[in-house]
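Participant: next comes the sequence, and after it the predicted model I'd like to discuss.
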Amino acid sequence: MSLALAGAVLLLLALPRQAGAIPAFARQLEISCKACHWAYPQLNDFGESFAGQGYLLGAGFTTGPTYDLGEPTLRLMRNLPLAIRLQGDVRFRPRWIQEYDPALLAAASPGGTEPEVPEGIDFQNPIIVKILSGGPISDHVAYYMYFLLSERGEVAGLEDAWIMAHDFGIPDFKIVAGQYQLSDVVAPRELRLTRQDYLIYTVPLSATGFRLTYQRGAFVEWAPDPVAVHVGVVNGNGLDPGENSPAGYPGRNDPVFDNDASKVGYMHLAAEGPIGVGLLGVYGSEGETATNYLWRAGINADADIGDWRLYGQYLYGRDSNPALLPGGSAQGILHGGYAVVAWRASTRWVFAAMGNRVISTRDPIEAHNYTLNASWYWMTNLKFGVEGTWDAMDITAAHPIREHAITAFVDTAF
């Protein structure tokens, strides 16, 4: 994408809300986690407003005590906000609930013989360990970051990490730069109630693996209640490490994070309220030796009705050259979405149901499943639960086994 086109996209498109508060704020402000959370880890309206205002309760630096060092332009928090989030699973795959075709399963295996059907008990504790930090640097600048100490048994590294400037002359306006998830503008994946993911954001269509998840970029947001406009642009190639530029380019010996000159822009226009509606648009290109032009368009809706919360999204997209062949390839199509219904039955019990559907021209990147989740809050920030996911995909050569699963889990932040 040319510089002029990238600029035009930046003016026309939009981007995401930030990640939620962390227990460090409860300690510093001496308020309950329930002030910000509908049910841990999902935020309520106050929690979203608190995060959007740079972790300030209002005018002035109010997120804990600071040092008085005699410099009006230097504000240092006495205690660095730190928190830990720990998640663990025990996953059950009883053989009696697995459905498969032995002939198709054997044909799909490298040796042509029937492989072992996944079954048994798998201890996945811990499956995720994070260290989080965030807070205000001044009345108008804030930061947020978290480091994955362990994800599925490996050190995953830094994911969310951004700086935000806000309320500096234009009400309800902010600028954010760093790395974050494109999908957060609709439904922050890190704050979902279920173990099952919002799959339409996580599946790739092109050979580069472009997803609506973690990217590096920048965005602006203007959110005069009850509307919100988000505008942003990202590299489009995820969180790959920096690579050295080719030799022969003076001044370009330092590592670069983008492996091509293309960018991806996106937008989200939303009407907030008890029932909210949003429109998402994504457009850009990718590729070094061959170019793939991609776009995504979607509609999302959400509603809070007493102790009920409903939300979901439908997304449709096309890629012009998903295989990134020099002479071009057949276009790719991706569409589908998810729907979630959550019920806060009491201060202890929260139930959630989710349906996922992803249809793609790239086999076997498809999904069709249903999930039920029951969470019991022993403490406000400590929950135990059980979740069952039913694989509703048809048994085919590309999907020879319908793999159902039951997961017992623990989730806490402190």
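Facilitator: All right, it came through fine. Numbers count the residues shown, from 1 in each chain.
Participant: so what's D172 up against?
Facilitator: 222-225 (CB atoms under 8 Å, 6 or more residues apart in numbering). C-betas here are computed from N, CA, C, even on glycine.
Participant: between the residues you listed, which is nearest K383?
Facilitator: Nearest to K383 out of those is A223 (CB to CB; 30.3 Å).
Participant: I'd say that closest one and V231 touch.
Facilitator: No. Between A223 and V231 there is no contact, the gap being 11.7 Å when judged by CB atoms under 8 Å.
Participant: with neighbour numbers in mind, choose between those two.
Facilitator: V231 (21 against 18; other CB atoms under 10 Å).
Participant: how near is G265 to Q196?
Facilitator: Applying CB to CB, to the nearest Å, the value for G265 to Q196 is 29 Å.
Participant: now swap in Y370 and tell me
Facilitator: Distance from Y370 to Q196, counting by CB to CB: 9 Å.
Participant: compare those two (neighbour count), which wins?
Facilitator: Using other CB under 10 Å, the more surrounded residue of Y370 and Q196 is Q196, with 24 against 15.
Participant: if we can go back for a sec, show me whatever sits in contact with both of Y370 and Q196.
Facilitator: 354, 356, 389.
Participant: part of a helix, is P241?
Facilitator: No. Assessed with DSSP: H, G, I helix; E, B strand; the rest coil, P241 is coil; it does not lie in a helix.
Participant: any idea how many residues pack against it?
Facilitator: Per other CB under 10 Å, the neighbour tally for P241 reads 7.
Participant: going forward, count from 37.
Facilitator: OK, 37 is where the count begins now, so the last one is P277.
Participant: contacts only, for it.
Facilitator: Taking CB under 8 Å, 6+ apart, one finds 291, 293 in contact with P277.
Participant: for it, grab phi and psi.
Facilitator: Main-chain torsions, P277, degrees, to the nearest 10: phi -70, psi 160.
Participant: give me the pLDDT for it.
Facilitator: As predicted, P277 sits at a pLDDT of 79.
Participant: mind checking how far it is from F246?
Facilitator: P277 sits 17 Å away from F246, going by CB to CB.
Participant: what's the next secondary structure element after the helix or strand encompassing S169?
Facilitator: Assessed by DSSP states H and E, S169 sits inside strand 156-172. On the C-terminal side of strand 156-172, the nearest following helix or strand under DSSP H and E is strand 177-187.
Participant: CA-only coordinates of that following strand in PDB, if you can.
Facilitator: Extracted in PDB, the C-alpha atoms of strand 177-187 (Å, rounded to 0.1, in the frame of the first residue of the first chain):
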ATOM      1  CA  VAL A 177      -0.400   9.700  29.700                       C
ATOM      2  CA  ALA A 178      -0.900   6.100  30.800                       C
ATOM      3  CA  TYR A 179       0.600   2.700  30.000                       C
ATOM      4  CA  TYR A 180      -0.400  -0.900  30.100                       C
ATOM      5  CA  MET A 181       1.600  -4.100  29.500                       C
ATOM      6  CA  TYR A 182       1.700  -7.800  30.300                       C
ATOM      7  CA  PHE A 183       4.300 -10.500  29.900                       C
ATOM      8  CA  LEU A 184       3.400 -14.100  29.400                       C
ATOM      9  CA  LEU A 185       5.800 -16.000  31.700                       C
ATOM     10  CA  SER A 186       4.300 -19.200  30.500                       C
ATOM     11  CA  GLU A 187       1.700 -20.200  27.900                       C
END
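Participant: quick one: mean pLDDT over that strand.
Facilitator: Here the average pLDDT along strand 177-187 is 87.
Participant: tell me the helices and strands packed up against it.
Facilitator: Using 3 or more CB pairs under 8 Å, 6 or more residues apart in numbering; DSSP states H and E, the elements in contact with strand 177-187 are strand 156-172, strand 193-202.
Participant: okay if I get those as CSV plus mean neighbour count, distance to Q367 and mean pLDDT?
Facilitator: Output for the helices and strands packed on strand 177-187, formatted as CSV (neighbours: other CB atoms under 10 Å; distance: least, CB to CB, whole Å; pLDDT from 0 to 100):
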stretch, mean neighbour count, distance to Q367, mean pLDDT
strand 156-172, 17, 36, 87
strand 193-202, 18, 31, 90
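Participant: okay if I get those as a markdown table plus distance to R111?
Facilitator: Listed next are the helices and strands packed on strand 177-187 as a markdown table, based on distance: least, CB to CB, whole Å:
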| stretch | distance to R111 |
| --- | --- |
| strand 156-172 | 8 |
| strand 193-202 | 15 |
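Participant: of all the ones you listed, which lies closest to T443?
Facilitator: In terms of CB to CB, the element of the helices and strands packed on strand 177-187 nearest to T443 is strand 156-172, at 8.4 Å.
Participant: return the list of strands paired to the closest one, each annotated with direction.
Facilitator: Strand 156-172 has the following sheet partners, assigned by DSSP bridges: strand 119-129 (antiparallel), strand 177-187 (antiparallel).
Participant: the residue nearest to G368 when sequence neighbours are not counted: how many residues sit nearby?
Facilitator: The shortest distance from G368 to any non-neighbouring residue, by CB to CB, 6 or more residues apart in numbering, is to P358 (3.7 Å). By other CB under 10 Å, 25 other residues sit near P358.
Participant: helix, strand, or coil at P358?
Facilitator: Once three-state DSSP is applied, P358 turns out coil.
Participant: contact partners for it?
Facilitator: So P358 contacts 241-243, 328, 365, 367-368, 397-398 (CB under 8 Å, 6+ apart).
Participant: state the phi and psi torsions of R225.
Facilitator: phi -70, psi -30.
Participant: quick one: name whatever helix or strand follows the helix or strand hosting V377.
Facilitator: Element membership of V377, judged by DSSP H and E, is strand 368-380. Note on strand 368-380: by DSSP H and E, the next helix or strand toward the C-terminus is strand 385-396.
Participant: list the contacts of that next one.
Facilitator: Here strand 385-396 makes contact (CB under 8 Å, 6+ apart) with 75, 229-230, 232-236, 239, 241, 368-381, 401-413, 419.
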